[in-house]
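J.: okay, predicted coordinates and the sequence, questions at the end:
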Amino acid sequence: MRDAVFLLTMVGLLPIAVFRPFVGVLLWCWISFMNPHRLVYGFAMEQPWAAAVFAATLLGCVLAQEPKRPPLNAITALLVAFLVCITLTTAVAAGDPAQVWQKYSAVSKVLLGLLLTGALLTDRWRIHALIWVMVISIGHFGVRGGIFSLVTGGNYRVWGPPQTMIHDNNHLAAAMLVATPLMNYLRLQSRHALIRYGLAAAMALTLLAVIASYSRGALLGLAAVTLTLWWRSQRKVVSAVVLAMALAGGITFMPPQWMDRMETIGTYQEDGSAMGRIELWKISWQLALRNPLTGTGFTGPYTQSVVDTVQPDGPARAVHSIWFELLGEQGFPAAFIWLALIVTGAFYAQRMVRMARGRAELRWAHDLGRMSQVSLVAYLVAGTFLSLSYWDFLWTLLVVIGAAHVLVRRALAEAPQPATITEGTRPAIASRGWRPRGWRTA
């Protein structure tokens, strides 16, 4: 039944993507982030749906003559630079050529799709719609995982969809952490109380699912997210009490075996898994020093013959760190560009907060900037222990931040005189399902 429903859904939506290219972008992101085809059985499970949607979207862009011009901001420029770098490193990669070019093909297609996505993010409503798709795609597993944890008493780990980047419990936990602040952004901007309460419940269930993933890296990420949310909140005393109670309640709910696993964080020297990761990081660092400009290419640290060049008979498998994975595979130039992407996203987010402060019509950008910063913190902390360097969800968030920054600058240029804003009131502006709460024009 699920297979039939999914097929009918795709058959109905693909033609719409041809006539409405941005619908194709939303559909492509849904397929890429949530991987709904991995949740069905039969014919639909193995079809290249993302490629089909992307092709339909490109055709729609030609027919609709959209976009009118390519996106121009530092984020998209860095994405192009990163694509050039990984193309060069792939050409001289040391790993198995078939596996190298397969991974390059997947990553390069994502980067090209992100450039198209950025070009079509031309107004705040499209940004809002894309964030909804991002939240629904990851939030589905958060809500389902939270309910599963409640029913089972937290005795089983929460996993993602099979054959995807977020199947592993650690990766899924990091994805849910990154998505949770975006849920809060939607909650802040939603007009209807039912949606706000529903998003608050989804956040609570998702955070419980993060804890129930039994991921130690995710627990550190959760602590960082909690501190950042508190720091970015306007009512620090109230938020501190609420966040502390929520975190304590979730931890208290978990069974003793969960606490036993988390306690190994403080005694990582005695944990074989933790020490194994540190050894993998050392190998990747040595590979980067041996090949500083190009690294070893995709799958280099996964290839035994490559690892043997710096440490004979050393472990050749997933590096389990966004930092060392980039260095070992792509070398220092590409790693610096990748880091510059994240730094630029954080900078744009902070600028949006500053530029939108006190302006009712830009409250959406103010909230988006604040919550995006929390998402970036979650990714950097949790990703330190995961192989998520090429995660399309994170790159999409950066593209969203870049597009929103352009819109804010444009709005300020067109209306340089801000409305007078007072705290504790709300703006009287038209809203398509939004309600920027807390300010009002005086």
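T.: Received it, and whenever you're ready, just let me know what you need.
J.: shaky segments in the stretch 251-400 of the chain?
T.: In the predicted model of the stretch 251-400 of the chain, residues 266-272 satisfy pLDDT under 70.
J.: pLDDT weak spots in the stretch 51-200 of the chain?
T.: In the stretch 51-200 of the chain, residues with pLDDT under 70: 68-71.
J.: what ranges do the helices span in it?
T.: Secondary structure of the stretch 51-200 of the chain, counting by DSSP state H, counting those that start in this stretch: helices at 74-91, 97-120, 124-152, 169-189, 193-211.
J.: closest to T303 out of the ones you listed?
T.: Distance to T303, taken as CB to CB, is lowest for helix 97-120 among these, at 8.2 Å. Heads up, the C-betas are built off the backbone N, CA and C, glycines and all.
J.: phi first, then psi, for G154.
T.: phi 70, psi 20 (degrees, to the nearest 10).
J.: in this structure it contacts W258, no?
T.: Yes: counting by CB atoms under 8 Å, W258 is a contact partner of G154 at 6.3 Å.
J.: can you tell me which of the helices of the stretch 51-200 of the chain is most buried?
T.: When you average the neighbours per residue for each of the helices of the stretch 51-200 of the chain (mean count of other CB atoms under 10 Å), helix 169-189 leads with a mean of 26.
J.: show me what that one is packed up against.
T.: With contacts taken as 3 or more CB pairs under 8 Å, 6 or more residues apart in numbering; DSSP states H and E, helix 169-189 sits against helix 124-152, helix 193-211, helix 216-232, helix 363-383, helix 392-414.
J.: now that helix against helix 124-152, angle please.
T.: Going by axes from the mean of the first three to the mean of the last three CA atoms, to 10 degrees, helix 169-189 is angled at 130 degrees with respect to helix 124-152.
J.: got the angle for whichever helix or strand V25 is part of vs helix 124-152?
T.: Element membership of V25 [criterion: DSSP states H and E] is helix 21-34. Interaxial angle, helix 21-34 versus helix 124-152 (the same axes, to 10 degrees): 30 degrees.
J.: helices or strands next to helix 21-34 in the packing?
T.: Checking 3+ CB pairs under 8 Å, 6+ apart, helix 21-34 ends up next to helix 2-19, helix 49-64, helix 97-120, helix 124-152, helix 392-414.
J.: as a markdown table, those with distance to A209 would be great.
T.: Below are these laid out as a markdown table (distance: least, CB to CB, whole Å):
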| stretch | distance to A209 |
| --- | --- |
| helix 2-19 | 21 |
| helix 49-64 | 25 |
| helix 97-120 | 25 |
| helix 124-152 | 3 |
| helix 392-414 | 16 |
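J.: looking at these, spot the one closest to W231.
T.: Comparing those by CB to CB, helix 392-414 comes nearest, at 18.8 Å.
J.: alpha carbons of the closest one, as PDB, please.
T.: This file holds the C-alpha atoms of helix 392-414, laid out as PDB (Å, rounded to 0.1, in the frame of the first residue of the first chain):
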ATOM      1  CA  ASP A 392      23.300  18.000   1.700                       C
ATOM      2  CA  PHE A 393      20.900  19.200   4.500                       C
ATOM      3  CA  LEU A 394      23.600  21.400   6.000                       C
ATOM      4  CA  TRP A 395      24.600  22.800   2.700                       C
ATOM      5  CA  THR A 396      21.000  23.600   1.900                       C
ATOM      6  CA  LEU A 397      20.700  25.500   5.200                       C
ATOM      7  CA  LEU A 398      23.700  27.500   4.200                       C
ATOM      8  CA  VAL A 399      22.100  28.300   0.800                       C
ATOM      9  CA  VAL A 400      18.900  29.400   2.600                       C
ATOM     10  CA  ILE A 401      20.900  31.700   4.900                       C
ATOM     11  CA  GLY A 402      22.700  33.200   1.900                       C
ATOM     12  CA  ALA A 403      19.400  33.800   0.100                       C
ATOM     13  CA  ALA A 404      17.800  35.300   3.200                       C
ATOM     14  CA  HIS A 405      20.700  37.600   3.700                       C
ATOM     15  CA  VAL A 406      20.300  38.900   0.100                       C
ATOM     16  CA  LEU A 407      16.600  39.500   0.700                       C
ATOM     17  CA  VAL A 408      17.300  41.400   3.900                       C
ATOM     18  CA  ARG A 409      19.900  43.700   2.300                       C
ATOM     19  CA  ARG A 410      17.500  44.300  -0.600                       C
ATOM     20  CA  ALA A 411      14.600  45.200   1.800                       C
ATOM     21  CA  LEU A 412      16.800  47.600   3.700                       C
ATOM     22  CA  ALA A 413      17.900  49.300   0.500                       C
ATOM     23  CA  GLU A 414      14.300  49.800  -0.600                       C
END
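J.: what packs against it?
T.: Helix 392-414 packs on helix 21-34, helix 74-91, helix 97-120, helix 124-152, helix 169-189, helix 322-356, helix 363-383, going by 3+ CB pairs under 8 Å, 6+ apart.
J.: noted, bye for now.
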